[in-house]
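*Asks:* Next one to model:
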Amino acid sequence: MRSLITPVETYNNYRSGVDAELRSTFDGRQGMLYDLLRYHLGWVDERGNPADEALTPLHHCGVLALSAADAVSGGHQEAISAAAAVELAYNFVLVHNDVQAGRIDQDNVRPSIWWVWGPSQAINAGDGLHALARSMLMRLSDSGTAAETVLSALHALDRACLTLCEGQYMDLTYQDQLMVSEADYMDMVGRKSGSLTGCSARLGALASGAQPDTADALEQWGKKLGMARQVREDISDLWGRSGDGFTPANILNKKKSLPLIHALQNTDTAAKRELGAIYMKRVLEPGDTPRIVSILEEAGSREYAHAKIDDLLGEARAALGSEGVTLQHPETLDWATQWVVDRDSS
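*Replies:* Modelled structure (predicted):
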């Protein structure tokens, strides 16, 4: 009989295992590039001195990989390398996104790499993290994973990273367009926010010996959770986690989020024109934010976005019910779903 372990204990076990695996891959790697990477991962400060944080932050990608492994086999140790690999890949994305968005600090904890060392070194550091992610995935063979499965995992990671870049291209392009359809938005989010999360779950499943149908289903589960998480972030970026409407980060760079797209398609003509006039400005002003949020409230766009999250979570559950899916401990996926989608920052 499986022992009862709380979600907090599970997360802490996941984080501890991935932290040890990440640190081991840096053994013997010296030089300024690796100092930048250690800084980004929270191990050292800007001067190379050890940081106070004991363990590396574990994001949603690692949680998805290990919870998928637990669901398939009842254990996650064989998937630690896969989880560390997707964490490195996600950090590669974070570093590049910081440059693209001009974010000065990293998760409100420390200055971003590009702010300290410049955008060129940040791009180089991001590329280094991507290369380390592929190298880390090769470690699956150390735990007895068949060479064919390791090759399949590498292919899945490369495909996910390329698809993510496609989605990022679409997202940046949409910033210069006023009208973006919901279908286009969902396609973009599926690529940008769903590809790596889907891959994460797939890799955890493969490392645990899942059959193709089960790995496919878990990939779809992870993809839908990544999309739901992005819609949740859309809501937080507009209304704030406390619902106060004072987080205009994505309004000022004209990012097209689901609530805005819904309002542009469903509000009255006068409100559409007002939104259009605001977004046609070369540079949005902070004073435009309250009015935008007010229009979205009147259009019911926040409620619509919450309903879309529920739809995506329903699609995630449906994927797990597909024919041929075999899970020893499906309950593991329940807490992972809540942790990934509802957690403020992961």
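
*Asks:* going forward, measure contacts and count neighbours with C-alpha atoms only.
*Replies:* Noted.

*Asks:* Pull the number of nearby residues for H155.
*Replies:* Burial measure for H155: 12 neighbouring residues, criterion other CA atoms under 10 Å.

*Asks:* can you check T289 too?
*Replies:* T289 is flanked by 19 other residues according to other CA under 10 Å.

*Asks:* now do D237
*Replies:* Taking other CA under 10 Å as the neighbour definition, D237 ends up with a count of 19.

*Asks:* To which secondary structure element is it assigned?
*Replies:* Per DSSP states H and E, D237 falls inside helix 212-239.

*Asks:* Relative to the whole chain's centre, how far out is that helix?
*Replies:* Averaging C-alpha positions (CA atoms, centre = their mean, to the nearest Å) puts helix 212-239 9 Å from its chain's average.

*Asks:* Would you map the helices across the stretch 1-150 of the chain?
*Replies:* In order along the chain, the stretch 1-150 of the chain carries the following helices (DSSP state H, counting those that start in this stretch): 7-25, 32-40, 60-73, 80-101, 113-117, 119-137, 147-174.

*Asks:* want to try TSV for the ones you listed, with distance to I295 and mean pLDDT as columns?
*Replies:* Formatted as TSV, the helices of the stretch 1-150 of the chain follow (distance: least, CA to CA, whole Å; pLDDT from 0 to 100):
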stretch	distance to I295	mean pLDDT
helix 7-25	39	93
helix 32-40	38	93
helix 60-73	32	97
helix 80-101	25	95
helix 113-117	35	93
helix 119-137	36	96
helix 147-174	20	96
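
*Asks:* Pick the most deeply packed of those helices.
*Replies:* Each of those was assessed for mean neighbour count using mean count of other CA atoms under 10 Å. The highest is helix 60-73, with a mean of 30.

*Asks:* Pull the residues that contact that helix.
*Replies:* By CA atoms under 8 Å, 6 or more residues apart in numbering, the residues outside helix 60-73 that reach it are 11, 14, 18, 75-76, 79-80, 82-84, 86-87, 90, 196-197, 200-210, 218, 222, 326-333, 336, 339-340, 346.

*Asks:* and the angle from that helix to helix 212-239?
*Replies:* 150 degrees (axes from the mean of the first three to the mean of the last three CA atoms, to 10 degrees).

*Asks:* Helix, strand or coil: sort out P286 for me.
*Replies:* Three-state assignment for P286 (DSSP: H, G, I helix; E, B strand; the rest coil): coil.

*Asks:* What is the burial count for it?
*Replies:* P286 sits with 12 neighbouring residues when counted by other CA under 10 Å.

*Asks:* which residues does D234 contact?
*Replies:* Taking CA under 8 Å, 6+ apart as the definition of contact, the neighbours of D234 are 257-259.

*Asks:* Buried ones only from those, please, as a PyMOL command.
*Replies:* Command for PyMOL, covering only those of the contacts of D234 found buried under the criterion 16 or more other CA atoms under 10 Å:
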select buried, resi 257+258+259
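
*Asks:* Now, the contacts of D234 that are in strands?
*Replies:* Using DSSP state E to define strands, no part of the contacts of D234 is located there.

*Asks:* if we take the contacts of D234, which one ends up nearest to L320?
*Replies:* L258 (25.9 Å; CA to CA).

*Asks:* give the contact list for that closest one.
*Replies:* L258 makes contacts with 182, 185, 231, 234, 305, as judged by CA under 8 Å, 6+ apart.

*Asks:* Over to G222?
*Replies:* In this structure, G222 makes contact with 64, 194, 197-202, 316, judged by CA under 8 Å, 6+ apart.

*Asks:* Which one of those residues sits in the busiest neighbourhood?
*Replies:* Counting neighbours by other CA under 10 Å, S200 comes out on top of those with 36 neighbours.

*Asks:* secondary structure element for it?
*Replies:* S200 belongs to helix 195-207 when assigned by DSSP H and E.
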